[in-house]
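**Student:** Here you go, sequence then predicted model.
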Amino acid sequence: MSLLDRLHGILDAAGVLIGDDMAAWSHDWTGQFAWTPLCVARPRSTAEVSAVVKAASEARVPVVPVSGLTGLAGGSYGEGAVMLSLDRMNAVEDIRAPARLAVVQAGVILSDLHKAVEAEGLSFPMTFGARGSARIGGLLATNAGGSNVLRYGNTRDLVLGVEAVLADGRVVDLMSELHKNNTGYDLRHLLIGSEGTLGIITRAVLKLVPHPRAYATAMVATETLSGALEVLNRLQDLTGGAVEAFEYMPRRYMQAHARMFPDAPQVFGTDHEVNILVELGATAPRDVTPGADGQVPLSGYLEEVLGDLLEAGAVLDAVVAQNDTQRGAMWALREAAAEVSLSHKPLVNNDVSVPLDKVEAFLAQADARVAAIDPQAQAMVVAHLGDGNVHYTVWIGDAAVKDAVMEAVEDVVLSLGGSFSAEHGIGLLKRPSMARRKDPVALDMMRAVKAALDPQNILNPGKLLPE
C-alpha cells in the first residue's frame, strides 16, 4: 500500500490534498521559497497526527509541519514531503480564569485566541503584525517574539506545557499546568524553538495575564537612540515597568512607508531621524480610572514624562494618541514593516539582537561595513528597541554581494555580543550562519539530540542544523 493510500485510510476526504489543492501550502508569505509537496495532510486530532507521522516514518518520507506560513526564514519548505497542517486542530479547549491559563490546540490562530481570552478579561500577551494568520504551533516552533517581549517575554516564557508527536508517531504528554516542575530535563523547552525538527507540537498550556484596562500610546521623536533609551528608562521607573512596547522606526523607514501607503495619516509634520512608538498598559484602578478632568492617569504619566523631556530637549516631538483610531494608526505604521522591508529585491533579511545600549553602535558599524561592500545598498530598519531586536534588512544593488553583506552584518553583531537570529528562527535562510557562527560543541550537542529523537531525519529535514 502506498503512503497516499495509507493517509486516505487515516484521514477523511478533506484530510488529504494533492495537485492543485496544495497550492496554498506550496510557498511561503515572502515568495522567496516555493516547493511541491507530496501531499498536504490535515488531521483533526493528536491521534490522527500520530498515525500520519507513523505512516510517513515507516515509508521514510519527510514530514514538514506547517502553521500559518507567515515565517520569514524558509522553515516550511517541503519539496516532496508530507506537509502536515494543523489548521483543523483549531480549538481553544479550555480557559481557566482563576489559574490564568488556556489549553489550546496548535492550529489556533493567534488573533482568535486573543478574542477568546479577552472575553474573560484576560490576555495572551504575544502579538505581532501576522496575528490574523499565524497559528500557535508556529509560534511555539519558532519561539516567536513580537512587540510585547519587553514586558512579557518570548513565546517560551508564556508556555506551561505542551503535547507533541515524535518522529516514530509516539505522543509525549508534557501538558503540565504547573509553574514549578523540577523533574529532570525540561523537554517542553527543548521542543519549543526546535522548528518541528524534534517533534510536532499538537497542544499547549499557555499563560494568561489580566487584559490591560487602559493603554497610553504615543509617537516620540528623539535626536539619538541613546536619547530614546532615556525615555524608556524614565517611563519604566515612573510606571513600575508598565511599558508594553517600544518600537523604533528611523527616517528612511518612515519615508518608505509614506511612499507605499500615501493615504496613511502622517504622525509628525516633519521628518525625524529617530521615531519611537511607545505603549503603556495598566490594570490597576489607580492607573486606569479617569480623574475629575476626564484624563486617564496612565495617559497623564506618559504626557508628564514626555513634557519634561521636551522641555529638557531630550525629546524633539511627541504625539499622544487621544482615541483608539489614533492608536490604531500608530500601530499600523509599525506593523506594515514586513511589507515595506520586503518590497525591494534583491535584499538581505537580517533578524538580529544586541544589548540595548549597543543598538546605536551596531547600526553605525553595520551601515559602514555594508556601504564598503555595496555603495548602492540601503538599510531598511525597524527594531523592537526595548529588547534589542533589530530587523536590519538591506536593499542591495547586486545579488552577488548577498553573502558578503550577510557575513559583514554577522561580524558586527557578534563583536557586540549579539545573536544573528533573534525571533524569526533559522529555517533554511540562516543555516549558513549556523555553520559559520554557532559554537561547534553546541552544534554537536544539537545534532546528538536530533539523531536520538529522529534517527531517520524525517521531521522537517534540512532545516535549522547545517550539514
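**Tutor:** Yes, it's here.
**Student:** pLDDT score assigned to the nearest residue to Gly74 once chain neighbours are set aside?
**Tutor:** Computed as C-beta to C-beta, 6 or more residues apart in numbering, the closest residue to Gly74 that is not its neighbour in sequence is Leu428, at 3.5 Å. (C-beta placed from N, C-alpha, C; glycine too.) On the pLDDT scale, Leu428 is placed at 95.
**Student:** Could you do Asp454 as well?
**Tutor:** 98.
**Student:** go on, Gly294?
**Tutor:** pLDDT, Gly294: 83.
**Student:** and it, what helix or strand is that in?
**Tutor:** Here Gly294 is covered by no helix or strand, with elements defined by DSSP states H and E.
**Student:** so how far is Gly300 from it?
**Tutor:** Distance, Gly294 to Gly300, by C-beta to C-beta, to the nearest Å: 11 Å.
**Student:** At which residues are the strands of the stretch 251-400 of the chain located?
**Tutor:** 274-282, 317-320, 347-353, 378-384, 389-395 (DSSP state E, counting those that start in this stretch).
**Student:** Tell me which strands the second one pairs with, and in which orientation.
**Tutor:** I take that to be strand 317-320. Strand 317-320 pairs in its sheet with strand 214-222 (antiparallel), by DSSP bridges.
**Student:** mind listing what the nearest residue to Leu229 once chain neighbours are set aside touches?
**Tutor:** In space, and not counting its chain neighbours, Leu229 is closest to Leu356: 6.4 Å by C-beta to C-beta, 6+ apart. Counting by C-beta atoms under 8 Å, 6 or more residues apart in numbering, Leu356 touches Leu229, Leu385, Gly386, Asp387, Gly388.
**Student:** thinking again about what came up before, got a markdown table for the strands of the stretch 251-400 of the chain, with mean pLDDT, mean neighbour count and distance to Leu84 too?
**Tutor:** Shown next, in a markdown table, are these (pLDDT from 0 to 100; neighbours: other C-beta atoms under 10 Å; distance: least, C-beta to C-beta, whole Å):
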| stretch | mean pLDDT | mean neighbour count | distance to Leu84 |
| --- | --- | --- | --- |
| strand 274-282 | 97 | 24 | 36 |
| strand 317-320 | 96 | 18 | 46 |
| strand 347-353 | 95 | 23 | 25 |
| strand 378-384 | 97 | 23 | 31 |
| strand 389-395 | 97 | 24 | 29 |
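**Student:** that older thread, the residue nearest to Gly74 reaches Tyr77, doesn't it?
**Tutor:** Yes: using C-beta atoms under 8 Å, Leu428 makes contact with Tyr77 at a distance of 5.7 Å.
**Student:** still on that earlier bit, for Gly294 and Gly300, indicate the residue with more neighbours.
**Tutor:** The neighbour comparison of Gly294 against Gly300 (other C-beta atoms under 10 Å) goes to Gly300, with 16 against 6.
**Student:** show me what contacts the more buried one?
**Tutor:** Contacts of Gly300 (C-beta under 8 Å, 6+ apart): Gly291.
**Student:** hmm, back to that, need the residues touching each of Leu428 and Tyr77.
**Tutor:** In contact with both Leu428 and Tyr77: Phe33, Gly462, Lys463, using C-beta under 8 Å, 6+ apart.
**Student:** re the thing from before, figure out which of the strands of the stretch 251-400 of the chain is closest to Leu187.
**Tutor:** strand 347-353 (25.5 Å; C-beta to C-beta).
**Student:** Show me what the closest one is in contact with.
**Tutor:** In contact with strand 347-353 (C-beta under 8 Å, 6+ apart) are residues 30, 72-73, 341-342, 362, 380, 387-396, 402, 405-406, 409, 413, 418-424, 429.
**Student:** pLDDT weak spots in the stretch 1-150 of the chain?
**Tutor:** Applying pLDDT under 70 to the stretch 1-150 of the chain flags no residue at all.
**Student:** where exactly do the helices run in the stretch 201-350 of the chain?
**Tutor:** Counting by DSSP state H, counting those that start in this stretch, the stretch 201-350 of the chain has helices at residues 225-239, 251-260, 285-288, 297-312, 324-335, 337-341.
**Student:** Reformat those helices as a markdown table; add mean pLDDT and distance to Ala366.
**Tutor:** Below are the helices of the stretch 201-350 of the chain laid out as a markdown table (pLDDT from 0 to 100; distance: least, C-beta to C-beta, whole Å):
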| stretch | mean pLDDT | distance to Ala366 |
| --- | --- | --- |
| helix 225-239 | 92 | 13 |
| helix 251-260 | 97 | 14 |
| helix 285-288 | 91 | 39 |
| helix 297-312 | 92 | 28 |
| helix 324-335 | 95 | 21 |
| helix 337-341 | 95 | 15 |
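**Student:** In CSV: those, plus distance to Pro65.
**Tutor:** Putting the helices of the stretch 201-350 of the chain into CSV (distance: least, C-beta to C-beta, whole Å) gives the following:
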stretch, distance to Pro65
helix 225-239, 37
helix 251-260, 33
helix 285-288, 41
helix 297-312, 41
helix 324-335, 26
helix 337-341, 22
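**Student:** For Ala141, which of those is the nearest?
**Tutor:** Of these, the one closest to Ala141 (C-beta to C-beta) turns out to be helix 337-341, at 18.5 Å.
**Student:** so what secondary structure elements neighbour that closest one?
**Tutor:** helix 251-260, strand 378-384, strand 389-395 (3 or more C-beta pairs under 8 Å, 6 or more residues apart in numbering; DSSP states H and E).
**Student:** got the buried residues for stretch 245-254?
**Tutor:** Of all the residues in stretch 245-254, those buried under the rule 16 or more other C-beta atoms under 10 Å are Ala245, Phe246, Glu247, Tyr248, Met249, Pro250, Tyr253, Met254.
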